[in-house]
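> just need the structure, nothing else, for what follows:
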Amino acid sequence: MKRTIKMPIRYFLKNHIIIFLSFIFFLGCSKDDDNSSDAPVGSWTVAYFITDGDLKITKEDNPTWPEVNDGEITATFGEPDGNGKGTLSGTSVSNSYAGSYTAKSNGELTIGFIASTLATEPEWTSLYNISAAQEFEIKNGQLFIYYNDRLNAIVFVRN
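The predicted structure is shown next:
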């Protein structure tokens, strides 16, 4: 003797909705979770530096070397590939530079070889040590690039 169990429609719908939502959730997940969709993509300008907890302002109303690039230090991070690798270029007041970077979703950042021109720079540009980058974080519209075990940072604002 065969027994048929009737399931009320609300349980049937509830189960199917849960399965459907789970399916949608898993479609949004990526197997490349180590790669960054939060990479620092775009053009940025240095706002200030943090060195051993001290704030070092580099640009004021009267910038140093305003006749050269308006005294600005910039960085442009290209869109990363599937492995989190992208291009990096910019200016450090009077020099242009270009290279590569790798960003991971955990905030890890490594900068590859940087090629640069060698014109004279203001002394304070020595604080721009982007090659030493270890981590990045974007918060409140600012990009923080940390190095020296987070004791030092270069802080950018978006262009």
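> ok, now which ones touch the residue nearest to residue 141 when sequence neighbours are not counted?
Closest residue in space to residue 141, ignoring its immediate chain neighbours: residue 158 at 6.3 Å, by Cβ to Cβ, 6 or more residues apart in numbering. The C-beta positions use only the backbone N, C-alpha and C, and glycine is treated the same way. Residue 158 makes contact with 42, 43, 44, 141, 143 under the criterion Cβ atoms under 8 Å, 6 or more residues apart in numbering.
> cool, residue 85 as well?
Here residue 85 is in contact with 100, 101, 102 (criterion: Cβ under 8 Å, 6+ apart).
> ok, residue 133 next?
Counting by Cβ under 8 Å, 6+ apart, residue 133 touches 101, 109, 110, 111, 145, 146, 147.
> okay if I get those residues as JSON lines plus neighbour count?
Shown next, in JSON lines, are the contacts of residue 133 (neighbours: other Cβ atoms under 10 Å):
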{"residue": "101", "neighbour count": "24"}
{"residue": "109", "neighbour count": "23"}
{"residue": "110", "neighbour count": "15"}
{"residue": "111", "neighbour count": "20"}
{"residue": "145", "neighbour count": "25"}
{"residue": "146", "neighbour count": "20"}
{"residue": "147", "neighbour count": "18"}
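> so what's the residue nearest to residue 141 bridging to?
Beta-bridge partners recorded for residue 158 (DSSP bridges): residue 44.
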